[in-house]
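need coordinates for the following:
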Amino acid sequence: MRVLAYYGPNDLREEEWPKPQPGFGQVRVAIKSVCLSTCDVLHYTTGGFGDLALPRPFVFGQDAAGLIDAVGAGVQGLKPGMPVVLDPVLPNDQILGWPPTQGALAEYIVVPARNAVPIEGRYSFAELACIPALAVVEDAFDRCACDDHIVIVGAGYLGLLCLLTAQNLGVASTAVIDAHPGRLAHACQFGANDALANVAQLAASSGTDHAEAAWIFECSGTDEGLAQALDLAAPCSDIMLLGMTAARTLALPMLPACLKEVQLHCCRHAQPMHAQAPRLVQSGKLNLAPLITHRIPWDKAEDAFALAAQPDGDAIRISLEPEELDEPFHP
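So this is what the prediction gives:
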């Protein structure tokens, strides 16, 4: 089968690897879309993550969708041809695309049946591949008791998913902060009440409800983003950390954190996929299609990673898809 194997920055190689066979309780999935995640891009550009160095070769791909291709013994409820989204959190605390576990950027992948979540309805495979990230955001909102006003720092795909989720939950007013005009334009299109470049602009915005916020979602994964979140935090407020960085540490402004007695919460792929996320998509309450700004074939994968790594780029979600996938929707 074809895989895209990583050997170093700007060194992705299309190779032939043995086609995996499903064992007891497993299914084989023909991959039709991998949406590049923050972790994929950080792994690709840095060759590791904090103190963790990637093995070579390595296959990326945490957020993926495709069609059931084969079913192992003991599997019930799944059959070939079913469209599925992959839950990246595997048994034994392994995560797709996180060393030592190879990811889904391959023609086929074998996973436990529980990690292949069937989806009914006519959605593109790229939309389905956004569901794992939505599940992370849903988990974050489950942990908080959001009031009528929240602030989102960073308008990448996680920030915009936070915005969509807040709207679905009926949050009255949402503010988004991002230094890049293109991303702020996306936030406006997604319905943010305020979309501003920095904390000072937010504070000066007439009629804003966010001078001090009880719940802040930090989605940038940067020192600047964390500092702005702390500047905005109300006393005894909560900051949900969703952004990722390859750095071992971020600079934490201790004085405002201590004086305001804020609570920091971390939320990533650490538990089985939140069941609410697929249901929200299937119910029509959340439309993930606007998140997909680029559909790029495998033979241009390095271009896709370069585009995703641009700090001032306007790309939201980039879907890497097999070249033969002309029709974007599953049967």
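
now do the helices in the stretch 1-150 of the chain.
Using DSSP state H, counting those that start in this stretch, the helices assigned to the stretch 1-150 of the chain run over residues 38-46, 125-128, 131-142.

sorry, slip of the keys, the one I care about is the stretch 201-331 of the chain.
223-232, 254-260, 276-283, 301-309.

of the helices of the stretch 1-150 of the chain, flag the one that's most buried.
Among the helices of the stretch 1-150 of the chain, helix 125-128 has the highest mean neighbour count (mean count of other CB atoms under 10 Å), at a mean of 28. Where you see a C-beta, it was placed from the backbone N, CA and C, and this is true even at glycine.

what about dumping the CA coordinates of that one to CSV?
Output of helix 125-128 as CSV, limited to C-alpha atoms (Å, rounded to 0.1, in the frame of the first residue of the first chain):
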residue,chain,number,x,y,z
PHE,A,125,-14.5,13.0,4.1
ALA,A,126,-12.7,16.2,5.0
GLU,A,127,-15.6,17.3,7.2
LEU,A,128,-15.5,13.9,8.9
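
show me what it is packed against.
Where contact means 3 or more CB pairs under 8 Å, 6 or more residues apart in numbering; DSSP states H and E, helix 125-128 is packed against strand 26-35, strand 63-71, strand 83-86, strand 292-297, strand 317-321.

span of stretch 246-258 from start to end?
Stretch 246-258 stretches 25 Å from its first residue to its last (CA to CA, to the nearest Å).

picking up where we left off before, ok, which of the helices of the stretch 1-150 of the chain comes nearest Leu96?
Closest approach to Leu96 among the helices of the stretch 1-150 of the chain is made by helix 131-142 (8.9 Å; CB to CB).

can I get the CA coordinates of the closest one in PDB?
This file holds the C-alpha atoms of helix 131-142, laid out as PDB (Å, rounded to 0.1, in the frame of the first residue of the first chain):
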ATOM      1  CA  ILE A 131     -14.700  15.600  14.000                       C
ATOM      2  CA  PRO A 132     -11.700  14.500  16.200                       C
ATOM      3  CA  ALA A 133     -10.700  18.200  16.700                       C
ATOM      4  CA  LEU A 134     -14.300  19.100  17.400                       C
ATOM      5  CA  ALA A 135     -14.400  16.300  20.100                       C
ATOM      6  CA  VAL A 136     -11.400  18.000  21.800                       C
ATOM      7  CA  VAL A 137     -13.300  21.300  21.900                       C
ATOM      8  CA  GLU A 138     -16.500  19.600  23.100                       C
ATOM      9  CA  ASP A 139     -14.500  18.100  25.900                       C
ATOM     10  CA  ALA A 140     -13.200  21.500  26.800                       C
ATOM     11  CA  PHE A 141     -16.600  23.000  27.000                       C
ATOM     12  CA  ASP A 142     -17.900  20.100  29.100                       C
END
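
touching that helix from outside, list them.
Residues from elsewhere that reach helix 131-142, judged by CB atoms under 8 Å, 6 or more residues apart in numbering: 35, 37, 62-63, 65, 85-88, 117, 119, 157-158, 161-162, 165-166, 169, 217, 240, 242, 265, 267-269, 271, 273-274, 276-278, 280-281, 286, 288.

give me the buried subset of these.
Of the members of the contacts of helix 131-142, the ones counted as buried by neighbours, 16 or more other CB atoms under 10 Å, are 35, 37, 62-63, 65, 85-88, 117, 119, 157-158, 161-162, 165-166, 217, 240, 242, 267-269, 273-274, 276-278, 280-281, 286, 288.

ok so, going back, ranking the helices of the stretch 201-331 of the chain by burial, who's on top?
Buried most deeply of the helices of the stretch 201-331 of the chain, by mean count of other CB under 10 Å, is helix 223-232, with a mean of 21.

now for it, which elements pack on it?
strand 149-153, helix 199-204, strand 213-218, strand 233-241, helix 254-260.

and with 7 Å instead?
strand 149-153, helix 199-204, strand 213-218, helix 254-260 (3 or more CB pairs under 7 Å, 6 or more residues apart in numbering; DSSP states H and E).
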